[in-house]
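A.B. asks: Below are the sequence and a predicted model for it; my questions follow.
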Amino acid sequence: MSVDPSAIIVAVATALGGAIHGSEAPPALKDYGTQQVQQITDAAPAIGQQVDDAVELLPPEAQGAAQQAITDTADAVQDAIETYAPPPESASPPTSGGDTTGEIPATEPEPEPDGTITEFGDTVGQFDSMPLAVSEISHLPTVSDASPGAASQLGAIAVFVPWFQKAGSICDGIKAPVLAALYSAENNFRYGASAPVSPDGARGPGQFMPGTWAKYGRDADGDGKADVLAVGDSVMASGHLLCDMYEEIDSWKQAGIVSGDVLDLTLAGYNAGVGAVRRSGGMPSGLPDYENQTKPYVAKIRAAESRFTSILDPGSGDWGGVGGRIVEAALRYLGLPYVWGGGNVSGPSGGGFDCSGLTSYAVHAATTENVSLPRTSETQWNIGIEIPLADARPGDLLFGNWGQAGPGHVAIYIGNGKMVHAPTTGDVVRIAPVFDGMKVRRVV
């Protein structure tokens, strides 16, 4: 049995119960971890030696990172997965720490043919309760075979994406990438009954204290209860809370009561309470908690904002017709992990998509299953007609990373110089600028 090192690490973490997100994960989301644990069990006793061999291939510092990845922060999880699942020997790793935006990705190996604590003490009672006009979300990502307990930080975001996008439209001051960066800092996209609870009793993916949840918690996902542990209920509550705080702090700034960037101060209020913002006349300061927790918290979120923009923000464009349906089918899986050999016309497999798996699925789904592409980027290049990049329209396929066998990467054009793709190991389905040297084929 051939076991990919990244699958070994993920499976071991799952088997040990590390970083499990909770019992509310959709059943399909849990399947991947179960499958990996079963794979290890079936392979016993040889698996122990395989794990040892895989770990021994890594430098000592990476081995230490693996242990931290199982028990510590989601950032360490992502680093560990990138370390334990290196690109194939013919590929060169990305040079920007896993974010390949603006770079030509490493050659994709094609398959064979088919924790900051939040304190809301000062926010309770500051704002009047308001009804939440929450319409139904048209779809949640069908994140087949991806376990939130075993996924990297970015992989775990997939189930949050439609809610971040919805909550990011409540007001102008709070956008989806800010919400995603905040949730990364709060609880690393962990949710459900077994998600960590802070020492102060803050709960759920948004780390709500009971008093604040009583004020802002609503049944956003339509399951009949306002559940602080649920993704949709929590994200929408955070969106409304943050928008209320943003409006209040902006009014204080206009009145000369506080100074500073309103978004920075709003994030500080989410952590320390808006009363702390007002008392300090801006960014909370003077107390150890403000200096050691609140200020770094705000800085971390703002620094991560651009990273999540590249995942969450497809921009705008004319997505009509079959090409638009191709784009929409791919965007449904924003945040799903890249998995070598993952995906086919039926959707993700093995926990995610590789580049040609994503294009195979999106084209097949958008054409009502009438068009089935070959499975690799090289063979997909032979379908349809080549057109100039200047004439590309949403739904066209973009090919790049050229080698002797043809293109090593394929993506879907979404308009305005952007594409959606599954970049490389350690990354996720995301939006990116079109890479230099890409060529276009129209397949439908």
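C.D. replies: All right, it came through fine.
A.B. asks: In the protein, what helix or strand scores lowest on average pLDDT?
C.D. replies: When each helix and strand of the chain is scored by mean pLDDT, DSSP states H and E, helix 74-84 comes last, with a mean of 36.
A.B. asks: Can you tell me, leaving aside adjacent residues, what's nearest to residue 184?
C.D. replies: Spatial nearest neighbour of residue 184, excluding adjacent residues (C-beta to C-beta, 6 or more residues apart in numbering): residue 304 at 6.0 Å. The C-beta positions use only the backbone N, C-alpha and C, and glycine is treated the same way.
A.B. asks: Okay, and the one you found sits in which element?
C.D. replies: Assigned by DSSP states H and E, residue 304 falls within helix 295-312.
A.B. asks: Packing partners of the helix or strand following that helix?
C.D. replies: Following helix 295-312 in sequence order, the next helix or strand is helix 321-331 (DSSP H and E). Applying 3 or more C-beta pairs under 8 Å, 6 or more residues apart in numbering; DSSP states H and E, one finds that helix 321-331 contacts helix 355-366, strand 406-415, strand 418-421.
A.B. asks: now those as CSV including mean pLDDT and mean neighbour count?
C.D. replies: Formatted as CSV, the helices and strands packed on helix 321-331 follow (pLDDT from 0 to 100; neighbours: other C-beta atoms under 10 Å):
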stretch, mean pLDDT, mean neighbour count
helix 355-366, 96, 26
strand 406-415, 95, 25
strand 418-421, 94, 26
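A.B. asks: is it possible to export the ones you listed to JSON lines including distance to residue 256?
C.D. replies: Output for those, formatted as JSON lines (distance: least, C-beta to C-beta, whole Å):
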{"stretch": "helix 355-366", "distance to residue 256": "51"}
{"stretch": "strand 406-415", "distance to residue 256": "43"}
{"stretch": "strand 418-421", "distance to residue 256": "41"}
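A.B. asks: Ok, which of these comes nearest residue 182?
C.D. replies: strand 418-421 (23.8 Å; C-beta to C-beta).
A.B. asks: In stretch 421-436, which of the residues would be classed as buried?
C.D. replies: For stretch 421-436, the neighbour count (16 or more other C-beta atoms under 10 Å) marks 421-432, 434-435 as buried.
A.B. asks: do stretch 344-356 as well
C.D. replies: For stretch 344-356, by 16+ other C-beta under 10 Å, it's 344-345, 347-356.
A.B. asks: cool, stretch 227-234 as well?
C.D. replies: Buried residues in stretch 227-234, counting neighbours by 16+ other C-beta under 10 Å, are found at 227-234.
A.B. asks: sorry, back to before: out of the helices and strands packed on helix 321-331, which is closest to residue 337?
C.D. replies: For these, the distance to residue 337 is smallest for helix 355-366, at 11.6 Å, taking C-beta to C-beta.
A.B. asks: need the next SSE after the closest one, C-terminal direction.
C.D. replies: Sequence-wise, the next helix or strand downstream of helix 355-366 (DSSP H and E) is helix 377-380.
A.B. asks: List the buried residues for the longest helix seen in the chain?
C.D. replies: If you go by DSSP state H, the chain has its longest helix at helix 231-254. Residues 231-246, 248-250, 252-253 are the ones in helix 231-254 that count as buried (16+ other C-beta under 10 Å).
A.B. asks: partner residues bridging the nearest residue in space to residue 411 that is not next to it in sequence?
C.D. replies: Leaving out its chain neighbours, the residue that sits closest to residue 411 by C-beta to C-beta, 6+ apart is residue 421, at 3.5 Å. Legend: beta-bridge partners of residue 421 under DSSP bridges are residue 430.
A.B. asks: That'll do, ta.
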